[in-house]
Structure formats: structure tokens, C-alpha cells
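**Student:** predicted model and sequence below, questions to follow.
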Number of protein chains: 2
Amino acid sequence: MKQRDTVAIIGVGLIGSSIGLALRRGRWARRVIGVGRRNETLQTALDRGAISQATTNLAEGVKNAEFVIVCTPVCHIVDYVQQTARNAPEGVLITDVGSTKGEIVAALEGALSAGATFVGSHPMAGSEKTGPEFADARLFEGRAAIVTPAESSPGAAVEEIEEFWKVLGARVTRMSPHAHDAAVATISHVPHIAASALALGTPQELISLVGGGWLDTTRVAAGDVELWRQILTQNRTHVLQSLAEFEKTLASFRVALARGDNAELTRLLEQGKTRRDAVAN
Amino acid sequence: MKQRDTVAIIGVGLIGSSIGLALRRGRWARRVIGVGRRNETLQTALDRGAISQATTNLAEGVKNAEFVIVCTPVCHIVDYVQQTARNAPEGVLITDVGSTKGEIVAALEGALSAGATFVGSHPMAGSEKTGPEFADARLFEGRAAIVTPAESSPGAAVEEIEEFWKVLGARVTRMSPHAHDAAVATISHVPHIAASALALGTPQELISLVGGGWLDTTRVAAGDVELWRQILTQNRTHVLQSLAEFEKTLASFRVALARGDNAELTRLLEQGKTRRDAVAN
């Protein structure tokens, strides 16, 4: 990635601040301007060194930016990308980090001011923790970053966005917005629902007994509720499909157990173990 | 807990070796004899300092033991407790660490040689990792340990077992074997099935894209297959009940999402978050 003079980050939560920290530590940008809604959050991002300047005014924040990353909850992304395109200099390159891509990329396709280019992306990193106080310059190291060009995306812009994620240490994969949404329904959104349902179904009086298994399996249920409601809603069709698949698999376990079918129960547990063992940690 | 001269641990995997290590570091036993089936595993436990002597002969291993902990897969526990009762000195106190308690406690109730006392227990600690190489003297610190007396268990023996777990740093809870099995179906066995089903349902080509959420939610699916098949089978009735509850909760998520009922989806995610936030980590 070439070094930038001015980069703007819209939304300085965990992801936005982690990007800012990585860009500043690597000297990939002379100035990193954080745009946020709350002064307190912006101040924390400044204190952490994640941004070099802060503003609550988007137009002001992007007016000299050649590269802008929108790191807000998914329901604001289309609006903020459009505002950025209207207010940034000619030639601005814009990406986002939203967990859904189909709706966002479709809404922006052909809808931007001339001279602005948007290419969507989604780093598979994050945490149930939120806010710039948890910013981590290495958050993306070794993680997948999915870049989701639209039909009309210029190849050079797509490659620039891919370079950006590589600079942050991510492993880049290119997918269509549709394929992305189907994939994350399975590997992220349905696991979130499962974790939430397991936590919700644990009676208060058993909470003091839980061990490491419960803690791991339910960890993501502590994530921000409104953020996740938006994600599940934006990706509804794929989530409903993956959820139906998950319910079918659970039913296979239930039937094998109810029938005392040890061979089948072993086969199911082994398949799960094989897939899990394919990844470290 | 009073200091013991000779303690025997049947099964020197992760749990057995961690107990041995804690007892030896705290000087709670002059000798800790490890009984196992494989010389290689016993050697690793010796090398780790988890046991002071090793044998593959159970009768030999327990012949001077005043306190014995059976740390094997659940399907062997009843047999090994009975062998211990027949071969250990008069007055021996025996416990176990099995993840199910109803079948085990019922099978041993009134079935032991005179002079031997068994009180079941289950520490809510462990890992998807197995074997003495992962032994950790602090594995039980701050974790719950559930002690499950039978109707006929002498009060003094129950208290001794509770003292033993406190010495290892656990928070002790006393429950009936039945209440224990219902509880762990919800907080451990169904989460295991959910993790396994999520892992199994992830297509091979998406494995390279998974992020921290998937890794956490599916972690326990890497656990030992035969161990878990036995646990689920021994606790079948309660697991089927808890699994049905979990399936109902998932269906609530599905219906809320399908209907676009944002208020209900928010309510469900908030309930999950509230329960998860009640515990650290």
C-alpha cells in the first residue's frame, strides 16, 4: 500500500480504532482523522493513539481524505459512504467493515458522486468487547479479510483495498457480496444466535456452576445487542437458511441420542471434531 | 483437609494429573500413586510431577491408599470404584470426577465392600485438550465443584470430599445426582452438542475464513469423541430435555427474524447478553 497523507475513519469503536492504531504505528498515513458522534469516545481514541485528529462533523473530517474507512454499525454504512463521497476530494477511495455486504454494496452500486469509489470489505476479526479502549493494532493479524467488489468496481480500486488489509496483516479473500453473506451466515451469524440461545436458556441459578465450555460457547452472546440485531436483519435470508441447516443437524444429534444409535452419535461428534481440529485455538 | 499419607488417582489424564499436581504442590499427600493403562501416559504424568509413583495394576496401586479419586471416562467409573473398594485398606474414601452422576451414584449405592465409602463429585473444569502434558495445578481454582451425595452417604465423608475440592481452590456446591445431571445437561452437554453441530455444519471451504466468534463458539467440539459419546449417552434423558428447550429457543429466534419482529429479536438478544454478562471472561 502506498503511504497516504490523510485517512479518515468514520466510527472509532473497536474496529475503527484498531485500524487507526495499525495505520499510525506502521506510518501508513500522515494523519488519521477520527469521525464519531460522541466526544468521549473520540477522546479515548485520541488518548489511545488510534487517531491523530477528531471531529464529530463528517463533512469536515473527510474533506482532505484520500482514503476513508467506514466502521459504524451496518445500518449507517450506506448513508455515511454517500456523505463521504459528496464531501471528500475527487478520487477518494472508500471501504467499510460491515458484517453484511449484499444490501450495502447493492445500495451503493452506481449511486455515488462521480470521482468517488467504494469497495466493500469485512475483516473476520472483532470481539464481544466494544470501544476504542480495547483497540489493538494486531487485531487483524492472521485473520481473514473478505473483499466484496461489485460488478462495476474498478480492478485497481479492488487491489488497493486488498493491499490495505494485507498491510494490516490479514489474509485477503475476494468474494461476491452474495457469497460473502451466505458464508458469514454460517460461520458467524448462526453461531451468534446459538451462543445467545444457549446463554438465554441457562437459568439464573445455574450461572454460578458454569465451566470453561459454557464460557467459550456463549462468549459472543455478550456482544452489542443493537449491532447484532441489525446484522441478523440485514442478512435475514441467508441467516434463516443457515439456521434451518443448523436445526437439522441438531435434530440428527437428537435422533441418534434418542435411539441410542452409538455409531451415528460417534460419527456426528467425529465430523464436528474434524472440522474444529482443522483450525488452531 | 487433613494431610494424607497415600492418595491414588485412577486415570492420569488432564483432570487426574491436575489433581495430582495440586495435591503434591500443596503437600496434601506424602505419596500420590497414579494408576493408568498406558505406560507412556503414566511416564508423562511422572515427568510432569503429577504423581510420585505409577502402576498399571489397580489393586496394587490402591492397596495402601486412604483416599482414591477415579478420573477415567464415565463408563469405567463404577467398575473402578468397586475394584478400589475391594483392594484398598478398610476406611478408604473414594470419589470420582465424572460428568454424569445419576447412573454412577445409583449403581454404587449399597454395592460397595464394607469399610469403603464413595461420594461422587464433578469439577466444572477441563479443556478440549486431553492428557497429563496439559496438567495444571490451578485448573480448579475459582471453578465450581459439584458434590453429589447419595441418600445413604455419611455426612463426615461428604464433608471430607467437599474439603478436598476447597483445597484445590474450587467453589463447592452440594446437589443430588439427579439435580446435577439436569444442570449439566443445560450448562455443558447441550452446549457441547451445539458446538459440535456448528463445527460439523461449516463447509470445508469456509474454514479458512472463520474468526474469533466461530473459534470460541465451537472450541469444545475438539473434545474427545468417545468421552463425550459416553457422557451424552449416560445423561440421555436430561440431555434430550435440555436439547428440546434449546431447539425451542432457536425457533423463537427464527420466528422473530422471519417476521421482522425487531422488538422480539432485541428482547431475545438482550436476555442472552444479560445471562452472559453475569459471568466474567
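**Tutor:** That came through, no problem.
**Student:** how about the helices in chain A?
**Tutor:** A:14-25, A:39-47, A:58-62, A:74-87, A:102-108, A:155-167, A:177-184, A:190-200, A:212-218, A:225-234, A:236-259, A:262-277 (DSSP state H).
**Student:** tabulate the ones you listed (TSV), appending distance to chain B and mean neighbour count.
**Tutor:** Bear in mind the C-beta positions are built from the backbone N, C-alpha and C, glycine included. Below are the helices of chain A laid out as TSV (distance: least, Cβ to the nearest Cβ, whole Å; neighbours: other Cβ atoms under 10 Å in any protein chain shown):
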stretch	distance to chain B	mean neighbour count
helix A:14-25	12	25
helix A:39-47	20	17
helix A:58-62	26	20
helix A:74-87	11	20
helix A:102-108	14	20
helix A:155-167	13	17
helix A:177-184	5	22
helix A:190-200	3	27
helix A:212-218	4	23
helix A:225-234	4	21
helix A:236-259	4	18
helix A:262-277	3	19
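**Student:** of all the ones you listed, which lies closest to B:Asp136?
**Tutor:** Smallest distance to B:Asp136 across the helices of chain A (Cβ to Cβ): 11.5 Å, for helix A:212-218.
**Student:** A:His122 is nearest to which of the helices of chain A?
**Tutor:** helix A:177-184 (6.5 Å).
**Student:** between that closest one and helix A:225-234, how many degrees?
**Tutor:** Helix A:177-184 and helix A:225-234 are oriented at 120 degrees to each other (axes from the mean of the first three to the mean of the last three Cα atoms, to 10 degrees).
**Student:** check which helices and strands helix A:177-184 sits against.
**Tutor:** helix A:102-108, strand A:120-123, strand A:144-148, helix A:236-259 (3 or more Cβ pairs under 8 Å, 6 or more residues apart in numbering or on different chains; DSSP states H and E).
**Student:** need the contact list for A:Lys101.
**Tutor:** By Cβ atoms under 8 Å, 6 or more residues apart in numbering or on different chains, A:Lys101 lies in contact with A:Gly120, A:His122, A:Ile146, A:Thr148, A:Pro177, A:His180, A:Asp181.
**Student:** quick one: contacts for the third one?
**Tutor:** Right, A:Ile146. Shown in contact with A:Ile146 (Cβ under 8 Å, 6+ apart): A:101, A:121-124, A:172-175, A:180, A:183-184, B:209.
**Student:** grab the nearest non-local neighbour of A:Gly115.
**Tutor:** Sequence neighbours aside, A:Glu90 is the residue nearest to A:Gly115 in space, at 4.0 Å (criterion: Cβ to Cβ, 6 or more residues apart in numbering or on different chains).
**Student:** ditto for A:Thr202
**Tutor:** With Cβ to Cβ, 6+ apart, the residue lying closest to A:Thr202 is B:Arg275, at 5.5 Å.
**Student:** distance of that neighbour relative to B:Arg254?
**Tutor:** 20 Å (Cβ to Cβ, to the nearest Å).
**Student:** ditto for A:Ala197
**Tutor:** Distance from A:Ala197 to B:Arg254, counting by Cβ to Cβ: 10 Å.
**Student:** point to the residue nearest the middle of chain A.
**Tutor:** A:Ser99 (4.3 Å; Cα atoms, centre = their mean).
**Student:** dihedrals phi and psi, that residue?
**Tutor:** phi -80, psi -10 (degrees, to the nearest 10).
**Student:** bridged to the closest residue to A:Asn57 other than its chain neighbours, which residues?
**Tutor:** Spatial nearest neighbour of A:Asn57, excluding adjacent residues (Cβ to Cβ, 6+ apart): A:Val35 at 7.5 Å. Beta-bridge pairing of A:Val35 under DSSP bridges involves A:Ile10, A:Thr55.
**Student:** ok, now which ones touch A:Val35?
**Tutor:** A:Ala8, A:Ile9, A:Ile10, A:Gly11, A:Val12, A:Ala54, A:Thr55, A:Thr56, A:Asn57, A:Leu58, A:Gly61, A:Val62.
**Student:** now a ChimeraX select for only the buried ones of these.
**Tutor:** Provided next is the ChimeraX selection string for whichever of those are buried by 16 or more other Cβ atoms under 10 Å in any protein chain shown:
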select /A:8,9,10,11,12,54,55,58,61,62
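**Student:** nearest to chain B, of the contacts of A:Val35?
**Tutor:** Nearest to chain B among the contacts of A:Val35 is A:Gly11, at 18.7 Å by Cβ to the nearest Cβ.
**Student:** dump the residue contacts of that closest one.
**Tutor:** Counted by Cβ under 8 Å, 6+ apart, A:Gly11 has contacts A:Val35, A:Gly36, A:Val70, A:Cys71, A:Thr72, A:Pro73, A:His76, A:Tyr80.
**Student:** got the contact list for the last one?
**Tutor:** What it means is A:Tyr80. For A:Tyr80, the residues meeting the contact criterion (Cβ under 8 Å, 6+ apart) are A:Ile10, A:Gly11, A:Leu58, A:Val70, A:Thr72.
**Student:** reformat those as TSV; add distance to A:Glu247 and pLDDT.
**Tutor:** Converted to TSV, the contacts of A:Tyr80 look like this (distance: Cβ to Cβ, whole Å; pLDDT from 0 to 100):
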residue	distance to A:Glu247	pLDDT
A:Ile10	37	98
A:Gly11	34	97
A:Leu58	42	98
A:Val70	34	98
A:Thr72	32	96
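**Student:** can you give me the domain assignment for chain A?
**Tutor:** What automatic domain parsing lists as the domains of chain A is A:4-175, A:180-277.
**Student:** kindly reformat the ones you listed as TSV containing distance to B:His238.
**Tutor:** Putting the domains of chain A into TSV (distance: least, Cβ to Cβ, whole Å) gives the following:
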stretch	distance to B:His238
domain A:4-175	29
domain A:180-277	11
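**Student:** how much space separates A:Trp228 from A:Met124?
**Tutor:** A:Trp228 is 16 Å from A:Met124, by Cβ to Cβ.
**Student:** in contact with the nearest residue to A:Gly211 once chain neighbours are set aside, which residues are there?
**Tutor:** Counting by Cβ to Cβ, 6+ apart, B:Met124 is the residue found nearest to A:Gly211 once chain neighbours are left out, at 3.4 Å. If a contact means Cβ under 8 Å, 6+ apart, then B:Met124 has A:Leu209, A:Val210, A:Gly211, B:Arg143, B:Ala144, B:Ala145, B:Ile146, B:Ile187, B:Ser188 as its contacts.
**Student:** got the confidence number for the fourth one?
**Tutor:** On pLDDT, B:Arg143 comes in at 94.
**Student:** residues contacting it?
**Tutor:** By Cβ under 8 Å, 6+ apart, the contact set of B:Arg143 is A:Gly211, A:Gly212, B:Pro123, B:Met124, B:Ala125, B:Gly169, B:Ala170, B:Arg171.
**Student:** quick check: closest non-adjacent residue to A:Ala88.
**Tutor:** In space, and not counting its chain neighbours, A:Ala88 is closest to A:Val62: 4.4 Å by Cβ to Cβ, 6+ apart.
**Student:** hmm, the one you found is touching A:Ala85, no?
**Tutor:** No: the criterion here is Cβ atoms under 8 Å, and A:Val62 misses it with A:Ala85 at 9.0 Å.
**Student:** common neighbours of these two, please.
**Tutor:** Common neighbours of A:Val62 and A:Ala85 (Cβ under 8 Å, 6+ apart) are A:Val92.
**Student:** closest residue of the stretch 1-150 of chain A to chain B?
**Tutor:** In the stretch 1-150 of chain A, the residue that lies nearest chain B is A:Met124 (3.4 Å; Cβ to the nearest Cβ).
**Student:** the residue nearest to the centre of chain A against A:Ser188, yeah?
**Tutor:** Yes: taking contacts as Cβ under 8 Å, A:Ser99 lies within contact range of A:Ser188: 6.9 Å.
**Student:** look up how far A:Phe118 lies from A:Ala157.
**Tutor:** To A:Phe118, A:Ala157 is 8 Å away according to Cβ to Cβ.
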